[in-house]
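Asks: take a look and give me a structure for this.
(chains A and B)
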Amino acid sequence: MQLQDKRRIAILSAYALALHGFESLLPAPIPWLKLGLANIITLVALILYGFRTALVVTLIRVVLASIFIGAFLGPAFILSAGGGIASVAAMGLTIKLFKNLFGAVGISLIGALFHNMAQLSLAYFLFIHRLEAVLIISPFILLIGSLTGIVNGIISGILIKNLLKKDAEKIQNTI
Amino acid sequence: MKETIKNTTMADRLLFLFLILASIAGIFISRDALSQGSDVSIEIDGKPAYTLPLYTDRLLSIDGPYGPILIEIQGKRVRVKESHCPNQLCVREGWISKGVIVCLPNKLVIIVGSGKKDRQRGIDAITG
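Replies: Take a look at the predicted model:
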């Protein structure tokens, strides 16, 4: 791994961690409503710097955030890690398989969908064991996830566009 | 706003439309499938612990990993009155007359349901 990659991962992880921490401070008006702001950073990392960077950033964020919040290896940590890894994997695969079919918004939606599906199945197998209970809450969670997913996708799209513009300017300046 | 819409691809929009419609349909389907219950089943750690009639008012205290959890049944509705779990989602869910309340930190599931399966379980709970 190059030094620049390490620096990039460190900075992205710091941003993701800050957003994750900020989000956990917000009051949740509706039960199960989570904005998933950290997914913005994951998506930017994935599109600009590739799958490996995004995966490492997600893992660092999940582990450190749970240590800071005090939920390391608890149920919340397992759900958060499972959701994070599933969403990165799904988004990475989407980019690989359908190269230009989806924009940032579509990839974000897929990430949100797989994040929620992974969390629901983990919750079912590990904690709830009642299919009925999981099936009743699933549609609500998927609906909320789609709405927050589209917002995150739009923010990511704007961020990526500006980052690329800045990069282009920098290259022009050095030349 | 116009620009953000222009920046999405056709596949993005179709996917969004599909997800929204599918989840809204799912909400209605699951609501329909839900029977108006007459029993409250309380499960701890995946195992059925209590089955109580919904039409008898009572206050129940259960020991959880974060201390006692207060469950209140009143007026054919049930709620988690007090819990010491960190996120308080179960308390915020409020009163329900059907459906479920899930509290992951406490590994607690409260289901309002009816039917033979639950009733069978009720008898088990009384004899045990």
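
Asks: closest residue of chain A to chain B?
Replies: Closest residue of chain A to chain B, C-beta to the nearest C-beta: A:Pro139 (3.1 Å). Any C-beta I mention is one placed from the backbone N, CA and C, and that applies to glycine too.

Asks: low pLDDT regions in chain A?
Replies: Residue ranges of chain A with pLDDT under 70: A:1, A:28-32, A:175.

Asks: for it, which helix is longest?
Replies: In chain A, with assignment by DSSP state H, the single longest helix is helix A:131-174.

Asks: what's the closest non-adjacent residue to B:Glu43?
Replies: B:Val109 (4.4 Å; C-beta to C-beta, 6 or more residues apart in numbering or on different chains).

Asks: and the one you found, that one's in a strand?
Replies: Yes: under DSSP: H, G, I helix; E, B strand; the rest coil, B:Val109 falls within a strand.

Asks: now do the contacts for the residue most central in space within chain A.
Replies: Closest to where the C-alpha atoms of chain A average out (C-alpha atoms, centre = their mean) is A:Asn39, at 2.6 Å. When contacts are counted by C-beta atoms under 8 Å, 6 or more residues apart in numbering or on different chains, A:Asn39 touches A:Ser87, A:Ser108, A:Gly111, A:Ala112, A:His115, A:Gly149, A:Asn152, A:Ser156.

Asks: show the buried residues in these.
Replies: A:Ser87, A:Ser108, A:Gly111, A:Ala112, A:His115, A:Gly149, A:Asn152, A:Ser156 (16 or more other C-beta atoms under 10 Å in any protein chain shown).

Asks: phi, psi of the third one?
Replies: Main-chain torsions, A:Gly111, degrees, to the nearest 10: phi -60, psi -50.

Asks: mind checking how far it is from A:Ala38?
Replies: 11 Å (C-beta to C-beta, to the nearest Å).

Asks: how about the first one?
Replies: Summarising the geometry, the distance separating A:Ser87 from A:Ala38, computed by C-beta to C-beta, is 10 Å.

Asks: likewise for the last one?
Replies: When C-beta to C-beta is the yardstick, A:Ser156 and A:Ala38 sit 11 Å from each other.

Asks: ditto for the fourth one
Replies: Between A:Ala112 and A:Ala38 the computed distance is 12 Å (C-beta to C-beta).

Asks: likewise for the fifth one?
Replies: Relative to A:Ala38, A:His115 is positioned 11 Å away (C-beta to C-beta).

Asks: tabulate the buried ones among the contacts of A:Asn39 (TSV), appending distance to chain B.
Replies: Below are the buried ones among the contacts of A:Asn39 laid out as TSV (distance: C-beta to the nearest C-beta, whole Å):
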residue	distance to chain B
A:Ser87	14
A:Ser108	9
A:Gly111	12
A:Ala112	9
A:His115	13
A:Gly149	8
A:Asn152	13
A:Ser156	11
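
Asks: how about the residues you listed, which pair is most distant?
Replies: A:His115 and A:Ser156 (14.4 Å; C-beta to C-beta).

Asks: what's the closest non-adjacent residue to A:Met117?
Replies: Nearest to A:Met117 is A:Ala86, by C-beta to C-beta, 6+ apart, at 7.2 Å.

Asks: for chain B, where's the lowest mean pLDDT among helices and strands?
Replies: Here the helix or strand of chain B ranked lowest by mean pLDDT, DSSP states H and E is helix B:116-127, holding a mean of 44.

Asks: and the closest residue to B:Gln74 other than its chain neighbours, how many neighbours?
Replies: Closest residue to B:Gln74 apart from its sequence neighbours, by C-beta to C-beta, 6+ apart: B:Asp57 at 4.7 Å. Neighbourhood size, B:Asp57 [other C-beta atoms under 10 Å in any protein chain shown]: 11.

Asks: residues in contact with B:Asp57?
Replies: So, once contact is read as C-beta under 8 Å, 6+ apart, B:Asp57 ends up touching B:Ile73, B:Gln74, B:Gly75.

Asks: quick check, B:Leu89 in contact with B:Cys103.
Replies: Yes: with contact defined as C-beta atoms under 8 Å, B:Leu89 counts as touching B:Cys103 (6.7 Å).

Asks: neighbour count winner among those two?
Replies: Taking neighbours as other C-beta under 10 Å, B:Leu89 and B:Cys103 compare with B:Cys103 leading, 23 against 20.
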